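**Student:** requesting a structural model of the entry that follows:
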Amino acid sequence: MSPRVVAIHQPECFPWLGFLDKAAQADVFVLLDDAQYSKNYFNNRNKVRTAQGWSWLTIPVETAGRAGQTFAEAKMGEDGWRRKHLATWKQSYGSAPFGDRYIPFLEDLYARPLAELGEFNTAAILWLFEQFEVKVKIETSSKLGCAGAATDKLLSICKTLGATEYLSGISGKEYLEEAKFKDAGINVRYQDFHHPIYTQRFEPFIPALSSFDLLFNHGPQAAKILRDPSFPRLTEIFT
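**Tutor:** This is a model prediction of the structure:
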């Protein structure tokens, strides 16, 4: 039987390049949408490049009386944030080399009648996968019916999907119980992501922004820049 690599990650908001790199190395990529939602991480926000440095793009999420809600249950607020987001995208990237090419997708995304954060994020993720040529099978954890928490949850998902290897982010070294995977005959590998250095609209270079930053600046070359080991990269490992 050929090896089957499974990676698992919450459906981040306008995810960064490390998210795409992780998915590109997997055979199956699971969007962990039935984990408990936590606000003000990368679940409902991410960074974009501005002339002043960087700025958060944040999606308001309804949390009052919703303690313990899962990612799939989290609902986005309705306070004009879509219009503000679009204004920021256009101000930051409208004059970028590929601004005219990709702004229309964002206009379409914000116009869709989506209420759940998970649905909105997933729509952006799937589109980014297409642009970056990430060809991976997508699953959502809420449809797999795997019980447990922490390591037990991840292991259950891997078993259900017939994984021979679990690809974890580097931060997994802090909490994963590797022995449980070993006992199940599943190898654990940690992502070794060195961020590419590329030309941005403004200087100096700022890493770990939304993947849209690379796309707006380099267009169809973005997929090659993400993967090409000969492309200049930061020396430290990014999580």
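
**Student:** buried residues, the helix or strand that contains S92. List them.
**Tutor:** S92 is part of helix 81-93 when elements are defined by DSSP states H and E. Residues of helix 81-93 classed as buried: 82, 85-86, 89, 92-93 (neighbour count, 16 or more other C-beta atoms under 10 Å). No exception for glycine: its C-beta is placed from N, CA and C like everyone else's.

**Student:** pLDDT of that helix, averaged?
**Tutor:** The average pLDDT within helix 81-93 is 96.

**Student:** centre of the chain to it, how far?
**Tutor:** Remark: helix 81-93 is offset 20 Å from the chain centroid, using C-alpha atoms, centre = their mean, to the nearest Å.

**Student:** what would the buried residues of helix 81-93 look like in TSV with distance to V48?
**Tutor:** Shown next, in TSV, are these (distance: C-beta to C-beta, whole Å):
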residue	distance to V48
R82	15
H85	9
L86	12
W89	7
S92	5
Y93	8
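
**Student:** circling back: list the helices and strands the helix holding S92 packs on?
**Tutor:** Under the contact definition 3 or more C-beta pairs under 8 Å, 6 or more residues apart in numbering; DSSP states H and E, helix 81-93 sits against strand 45-50, strand 53-58, helix 99-111, helix 212-218.

**Student:** select the longest helix from this structure.
**Tutor:** Taking DSSP state H as the criterion, the chain has its longest helix at helix 117-131.

**Student:** roughly how far is that one from the heart of the chain?
**Tutor:** Between the centre of helix 117-131 and the centre of its chain there are 9 Å (C-alpha atoms, centre = their mean).

**Student:** C-terminal to it, which secondary structure element comes first?
**Tutor:** Next along the chain from helix 117-131, counting by DSSP H and E, comes strand 137-140.

**Student:** export that next one as PDB, just CAs?
**Tutor:** What follows is strand 137-140, C-alpha atoms only, in PDB (Å, rounded to 0.1, in the frame of the first residue of the first chain):
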ATOM      1  CA  LYS A 137      -8.400  15.800  -1.400                       C
ATOM      2  CA  ILE A 138     -10.400  17.900   1.000                       C
ATOM      3  CA  GLU A 139     -12.400  16.600   4.000                       C
ATOM      4  CA  THR A 140     -14.200  18.400   6.800                       C
END
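
**Student:** rounded mean pLDDT for that strand, please.
**Tutor:** Mean per-residue pLDDT for strand 137-140: 97.

**Student:** that strand pairs with which strands, and in what direction?
**Tutor:** strand 28-31 (parallel) (DSSP bridges).

**Student:** per-residue confidence averaged over the longest helix of the chain?
**Tutor:** Helix 117-131 comes out with an average pLDDT of 97.

**Student:** swap in stretch 167-177?
**Tutor:** pLDDT averaged over stretch 167-177 gives 94.

**Student:** give the buried residues for it.
**Tutor:** Residues 167-169, 172, 176 are the ones in stretch 167-177 that count as buried (16+ other C-beta under 10 Å).

**Student:** contacting residues around that stretch?
**Tutor:** Here stretch 167-177 makes contact (C-beta atoms under 8 Å, 6 or more residues apart in numbering) with 5-7, 9, 18, 22, 25-26, 150-151, 154, 188-193, 237, 239.
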